[in-house]
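# Got a predicted structure plus its sequence, pasted below:
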Amino acid sequence: MKFVIILTLVGLTMAKLGEWNAMANDGHKAIELAKKGVAHYNLNSKSFYYRKLVDIKSAKSKTDNGATYEIIFEIDMSNCLKTKPYSEECKVQTELLTEECTYVFYSAPKSDECEIVKGSCIPLN
């Protein structure tokens, strides 16, 4: 009986490999990756102001040879100029420039680091 239960659990776990699984939008990993995506956006944007994370719309992951994450989040312009270091004290300046971003991250097996595979943002207004 124990052998059948263990075999069943192993079979269920194996069936999940390579399939997307929902993550908690407010979970630590989703927030960490969304902030990493915002930092990447701010680094590459030509805007004079930092963008700030407004909301995480969707978070999912899949495990195959490593872990892949897809995070969809909204950003908006803050009141902080890029001439100064970014701070969590920055406030959203306007809700007229909201963008929805989709970022995909990859973490190699036995690694805690996630690399950005691709990222794009589109205006919502």
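Received, thanks.
# remind me, longest helix of the protein?
Longest helix of the chain, by residue count under DSSP state H: helix 28-44.
# Go ahead and name everything in contact with that helix.
23-24, 50-53, 56, 59, 61, 69, 71, 73, 75, 82, 86, 101, 103, 105, 114, 116, 119, 121 (Cβ atoms under 8 Å, 6 or more residues apart in numbering). All C-beta atoms are positioned from the backbone trio N, CA, C, and that covers glycine.
# then the next helix-or-strand element following that helix to PDB, C-alphas only?
Per DSSP states H and E, helix 28-44 leads on to strand 49-64 as the next helix or strand towards the C-terminus. C-alpha atoms of strand 49-64 as PDB (Å, rounded to 0.1, in the frame of the first residue of the first chain):
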ATOM      1  CA  TYR A  49      11.800  59.900 -13.800                       C
ATOM      2  CA  TYR A  50      11.900  56.500 -12.200                       C
ATOM      3  CA  ARG A  51       9.000  54.100 -12.700                       C
ATOM      4  CA  LYS A  52       7.500  52.500  -9.700                       C
ATOM      5  CA  LEU A  53       5.800  49.100  -9.200                       C
ATOM      6  CA  VAL A  54       2.000  49.700  -8.800                       C
ATOM      7  CA  ASP A  55       0.500  46.200  -9.000                       C
ATOM      8  CA  ILE A  56       1.400  42.600  -9.800                       C
ATOM      9  CA  LYS A  57      -1.400  41.300 -12.100                       C
ATOM     10  CA  SER A  58      -0.100  37.700 -12.600                       C
ATOM     11  CA  ALA A  59       2.700  35.400 -11.500                       C
ATOM     12  CA  LYS A  60       3.400  31.900 -12.700                       C
ATOM     13  CA  SER A  61       6.300  29.500 -12.800                       C
ATOM     14  CA  LYS A  62       7.300  26.200 -14.400                       C
ATOM     15  CA  THR A  63      10.000  23.800 -13.600                       C
ATOM     16  CA  ASP A  64      12.000  21.900 -16.300                       C
END
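# Please name the residues that touch the closest residue in space to Ser45 that isn't next to it in sequence.
Nearest residue to Ser45, sequence neighbours excluded (Cβ to Cβ, 6 or more residues apart in numbering): Arg51, at 6.8 Å. Taking Cβ under 8 Å, 6+ apart as the contact definition, Arg51 lies against 38, 41-42, 45, 75-78, 99.
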